[in-house]
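# got a structure for you, letters missing:
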DNA sequence: GGGCTACCTAACAATCGTTGCAGATAAGCA
DNA sequence: TGCTTATCTGCAACGATTGTTAGGTAGCCC
């Protein structure tokens, strides 16, 4: 994720206005290491700007996504998540609590079979490991959730 | 996907009734090689049973999913898709038309780093190739969509 | 065949995430 | 400062899905 300052430059250079709302969203995203939903970003921003509307947050997140400064993905957890980490990487999805972790490992063997039998033009490859995160494993085997 | 006959057995053995509606849904799924939405299953079944309600289709699809006879997944195409192909496999997702194709290839190198640094317990691994399907590539490069 | 009970339909409301719209507001520039 | 135009906000609406209710139907077991 670029810094709020860089994003400000980018917005200006595209003729987009840099409003306090947008700056607040930039900061929220820059400080986030998770994969927030639009709702989560809205909550974070609301703390310093209580009058911001959810609509504006969606709008700005979509703008950033279209500009490639943010990735949007939907792993079946109910709502779209935004990822400030725009380089190709993979995900660990906990089926119990819905948490999503980044995985930066490289998987060199992952490519479509040679000859491209599907005629499919691959833009990005994502590996999703589903299962249970450390916390949920611990809660189940060790401390029985109490 | 098990055959309609097998599913009939399974339902019976669980004390669930095997109604014509359910049988029709079994058939629709068994004959499907795609990843239909609930709506698509509803349309297919409606052809041979026009009075069936969408509610019943949702109900039965959820039952099958809970029994593990069907996989439900959401790749960000707007609605949940059901996959009669319950063995581990992968997907090609067209970002243009939303189509989803199965990929049965095996990727032996895909596993979390040894030592399990994340404490993550993997249940299933899915690889999602995003890009453009044959049809959309063809429409863009060749016949300009006409 | 009869009875119990699950199941089905129909209709409607509600939920949730997300987006369209219209009018008010303010950023950026001269 | 003043203007132009992008942006913001609030609200309504949308699409997918589920809950509910009531009444009728029919599967399954004896």
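Looks like it came in fine. Just so it is clear, the model here is predicted, and its values are computed rather than measured.
# Now do the contacts for residue A:131.
By CB atoms under 8 Å, 6 or more residues apart in numbering or on different chains, the contact list for residue A:131 reads A:92-95, B:120-124. C-beta here means a position set from N, CA and C on the backbone, and glycine is covered the same way.
# go with 10 Å
A:92-96, A:137, B:112, B:118, B:120-125 (CB atoms under 10 Å, 6 or more residues apart in numbering or on different chains).
# Now, these that are in helices?
residue A:137 (DSSP state H).
# Quickly name whichever of the contacts of residue A:131 is closest to DNA strand C.
Of all the contacts of residue A:131, residue A:93 has the smallest distance to DNA strand C: 15.7 Å, by CB to the nearest atom of the strand.
# ok, what's across the strand from the closest one?
Here residue A:93 shows beta-bridge partners residue A:100, residue A:130, assigned using DSSP bridges.
# could you measure it against residue A:103, distance?
Here residue A:93 is placed at a distance of 10 Å from residue A:103 (CB to CB, to the nearest Å).
# which residues are common contacts for the two?
Joint contacts of residue A:93 and residue A:103 (CB under 10 Å, 6+ apart) are A:128-129, B:120.
# Neighbour count for residue A:93 and residue A:103, which is higher?
Between residue A:93 and residue A:103, counted using other CB atoms under 10 Å in any protein chain shown, the more crowded position is residue A:93 (23 against 19).
# residues touching the more buried one, list them.
A:35, A:75-77, A:99-101, A:128-133, B:120, B:123-124, B:126.
# Can you tell me which of those residues are buried?
For these, a burial check counting by 16 or more other CB atoms under 10 Å in any protein chain shown picks out A:35, A:75-77, A:99-101, A:128-133, B:120, B:126.
# which of the residues you listed lies closest to DNA strand D?
Nearest member of the buried ones among the contacts of residue A:93 to DNA strand D, counting by CB to the nearest atom of the strand, is residue A:76, at 10.4 Å.
# The closest one and residue A:98 touch, don't they?
Yes: if you go by CB atoms under 10 Å, residue A:76 and residue A:98 touch, sitting 9.4 Å apart.
# which residues does the residue nearest the centre of chain A bridge with?
Computing the C-alpha centroid of chain A and ranking residues by CA atoms, centre = their mean puts residue A:83 first, at 1.7 Å. Judged by DSSP bridges, the bridge partners of residue A:83 are residue A:71.
# tell me the pLDDT at it?
pLDDT recorded at residue A:83 is 91.
# got it, and residue A:99?
pLDDT, residue A:99: 77.
# Verify the contact between it and residue A:92 for me.
Yes: shown here, residue A:99 and residue A:92 form a contact pair, counting by CB under 10 Å, at 8.3 Å.
# Nearest spatial neighbour of residue A:23, chain-adjacent residues omitted?
The shortest distance from residue A:23 to any residue other than its chain neighbours is 6.1 Å, reached at residue A:4 (CB to CB, 6 or more residues apart in numbering or on different chains).
# who touches the one you found in this structure?
With contacts defined as CB under 10 Å, 6+ apart, residue A:4 is in contact with A:18, A:22-31.
# Can you tell me how far whatever residue of chain A ends up closest to DNA strand C is from residue B:35?
Here the residue of chain A nearest DNA strand C is residue A:80; by CB to the nearest atom of the strand that distance is 3.0 Å. For residue A:80, the distance to residue B:35 equals 20 Å [CB to CB].
# does the helix or strand that contains residue A:55 come close to DNA strand D?
Secondary structure from DSSP states H and E places residue A:55 in helix A:54-66. Yes: counting by CB under 7 Å from any atom of the strand, DNA strand D has neighbours in helix A:54-66: A:54-56, A:59-60.
# What is that helix packed up against?
Here helix A:54-66 touches helix A:4-13, helix A:20-30, helix A:38-48, strand A:71-73, strand A:81-83, going by 3 or more CB pairs under 10 Å, 6 or more residues apart in numbering or on different chains; DSSP states H and E.
# Could you pull up phi and psi at the residue in chain A sticking out farthest from the centre?
In chain A, the greatest distance from the average C-alpha position (CA atoms, centre = their mean) is reached by residue A:115, at 32.8 Å. Torsion angles at residue A:115 (phi, psi; degrees, to the nearest 10) stand at phi 90, psi -10.
# Quick one: name the residues of chain A near DNA strand D.
By the rule CB under 7 Å from any atom of the strand, the part of chain A lying against DNA strand D is A:11, A:15-17, A:19, A:21-22, A:49, A:51-56, A:59-60.
# change it to 10 Å
Contacts of chain A with DNA strand D, taken as CB under 10 Å from any atom of the strand, map to A:11-12, A:14-25, A:42, A:45-46, A:49-60, A:63.
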